[in-house]
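K.L.:
okay, structure incoming, though there's no sequence with it:
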């Protein structure tokens with residue numbers, strides 16, 4: 001087996017702590033991961049990884065080899081990128097992390113148009129609401145919403161992330177339209193299950209900020225399900241504007257409490273400090289900045 005690939009698999013196993021997690025990250029089967037590790041151990045004549053049914057750990061030899069293997073892989077990456085910098089045409093693989101909703105609704109279609117213009121680039125778009133480590137996890141760019149938590153990266157503002165309060169015409173005909181956040185106590189509200197006291201949305205009320213109702217009539221962990229429930233007349237919905245574009249445009253949902261919607265949050269482009277960023281990254285960032293308004297500007 002290819003020695004460099006075996007080293008990459010070994011380092012990934014060491015970082016993940018299990019064959020299964022490493023397999024998922026490498027898009028290999030767990031069996032194939034095991035074959036790479038066994039082949040490497042056979043070549044070196046020593047055991048690198050102790051196996052058990054739940055988790056793998058490094059032997060003393062494995063810990064020593066891990067440090068050197070990681071250093072070798074970093075040198076190979078540096079050699080590859082040094083050649084990449086000589087090109088004027090963007091090429092290579094770009095790893096991007098974005099929050100789930102914004103990533104699927106905005107980043108994915110913008111990435112598609114970027115790839116049409118730059119056929120030598122490949123993009124791996126990882127959608128997750130967790131905050132990734134750009135260096136340790138090998139991401140070129142992270143797109144995140146809200147406050148910044150890392151001073152060691154370059155941060156460029158991309159756009160504002162707006163929330164909308166809305167309901168179906170049928171619901172409003174039956175229950176009336178709320179005029180202030182205080183009126184929410186008399187309305188049926190829908191809510192996402194991930195919202196809690198730490199990440200709930202605040203509404204700017206007349207007597208200070210108020211929380212979105214914590215006793216909703218319907219809670220769900222899927223935004224599309226909540227949106228369909230609102231269209232069917234189940235209650236008031238608080239959701240990102242980018243998810244509601246079609247329903248607001250065709251009248252299936254109507255904005256309410258427009259003066260009391262949560263304050264927009266800043267969307268940031270985050271990337272590592274580099275003296276000469278690769279063309280694939282600089283062109284991708286420029287593409288996002290140039291085309292973002294068509295996707296997020298309110299109609």
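P.N.:
Done, it's in. All figures in this text were calculated on a predicted structure; none of them were measured in a lab.
K.L.:
just the strands in the stretch 151-299 of the chain please.
P.N.:
Taking DSSP state E, counting those that start in this stretch to define them, one finds strands in the stretch 151-299 of the chain at 153-161, 163-167, 190-192, 202-205, 208-211, 218-220, 237-240, 254-255, 265-272.
K.L.:
what residues of the second one count as buried?
P.N.:
By that I understand strand 163-167. Neighbour counts over strand 163-167 (16 or more other Cβ atoms under 10 Å) mark 163, 164, 165, 166, 167 as buried. All C-beta atoms are positioned from the backbone trio N, CA, C, and that covers glycine.
K.L.:
between strand 265-272 and that strand, find me the angle.
P.N.:
140 degrees (axes from the mean of the first three to the mean of the last three Cα atoms, to 10 degrees).
K.L.:
name the residues that touch stretch 26-45?
P.N.:
Stretch 26-45 is contacted by residues 1, 3, 5-10, 12-13, 19-20, 22-23, 47-49, 61, 65 when judged by Cβ atoms under 8 Å, 6 or more residues apart in numbering.
K.L.:
buried residues in that stretch, which are they?
P.N.:
26, 28, 33, 34, 36, 37, 39, 40, 41.
K.L.:
point out the one among the strands of the stretch 151-299 of the chain that comes closest to residue 124.
P.N.:
Evaluated over these, closeness to residue 124 peaks at strand 265-272, with 14.9 Å, by Cβ to Cβ.
K.L.:
that closest one: partners in the sheet, and parallel or antiparallel?
P.N.:
strand 141-145 (antiparallel), strand 153-161 (antiparallel) (DSSP bridges).
K.L.:
out of the buried residues of stretch 26-45, who's nearest residue 200?
P.N.:
Taking Cβ to Cβ as the measure, residue 200 lies nearest residue 26 of these, at 37.6 Å.
K.L.:
need the pLDDT of that closest one.
P.N.:
What the model reports for residue 26 is a pLDDT of 84.
K.L.:
what are the ranges of the strands in the stretch 1-150 of the chain?
P.N.:
Assigned by DSSP E, counting those that start in this stretch, the stretch 1-150 of the chain shows strands spanning 49-50, 57-58, 92-98, 121-127, 141-145.
K.L.:
mind putting those strands in TSV, mean neighbour count included?
P.N.:
Compiled in TSV, those are given as follows (neighbours: other Cβ atoms under 10 Å):
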stretch	mean neighbour count
strand 49-50	16
strand 57-58	16
strand 92-98	20
strand 121-127	16
strand 141-145	22
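K.L.:
for residue 232, which of these is the nearest?
P.N.:
So among those, strand 121-127 is nearest, using Cβ to Cβ, at 27.0 Å.
K.L.:
which other residues reach the closest one?
P.N.:
90-100, 103-104, 107-108, 111, 114-115, 132, 139, 280, 284.
K.L.:
sheet partners, orientation included, of it?
P.N.:
strand 92-98 (parallel).
K.L.:
please enumerate the helices of the stretch 151-299 of the chain.
P.N.:
For the stretch 151-299 of the chain, the helices defined by DSSP state H, counting those that start in this stretch cover 169-175, 223-231, 245-249, 279-291, 293-296.
K.L.:
now mean neighbour count too, for these, in a markdown table please.
P.N.:
As requested, the helices of the stretch 151-299 of the chain are arranged in a markdown table below (neighbours: other Cβ under 10 Å):
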| stretch | mean neighbour count |
| --- | --- |
| helix 169-175 | 15 |
| helix 223-231 | 18 |
| helix 245-249 | 15 |
| helix 279-291 | 18 |
| helix 293-296 | 14 |
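K.L.:
residue 264: which of those helices is closest?
P.N.:
Closest of these to residue 264 is helix 293-296, at 10.0 Å (criterion: Cβ to Cβ).
K.L.:
across the sheet, point out what pairs with the nearest residue to residue 107 once chain neighbours are set aside.
P.N.:
Nearest residue to residue 107 in three dimensions, chain neighbours excluded: residue 98, at 4.6 Å (Cβ to Cβ, 6 or more residues apart in numbering). Listed beta-bridge partners, residue 98: residue 127, residue 143 (assigned using DSSP bridges).
K.L.:
tell me how far residue 98 lies from residue 193.
P.N.:
For residue 98, the distance to residue 193 equals 21 Å [Cβ to Cβ, to the nearest Å].
K.L.:
repeat that for residue 6.
P.N.:
Distance from residue 6 to residue 193, by Cβ to Cβ: 42 Å.
K.L.:
same question for residue 224.
P.N.:
14 Å.
K.L.:
now do the contacts for the residue nearest to residue 107.
P.N.:
By Cβ under 8 Å, 6+ apart, the contact set of residue 98 is 107, 125, 126, 127, 142, 143, 144.
K.L.:
let's see that with 7 Å instead.
P.N.:
Contacts here follow Cβ atoms under 7 Å, 6 or more residues apart in numbering; on that basis residue 98 touches 107, 125, 127, 143.
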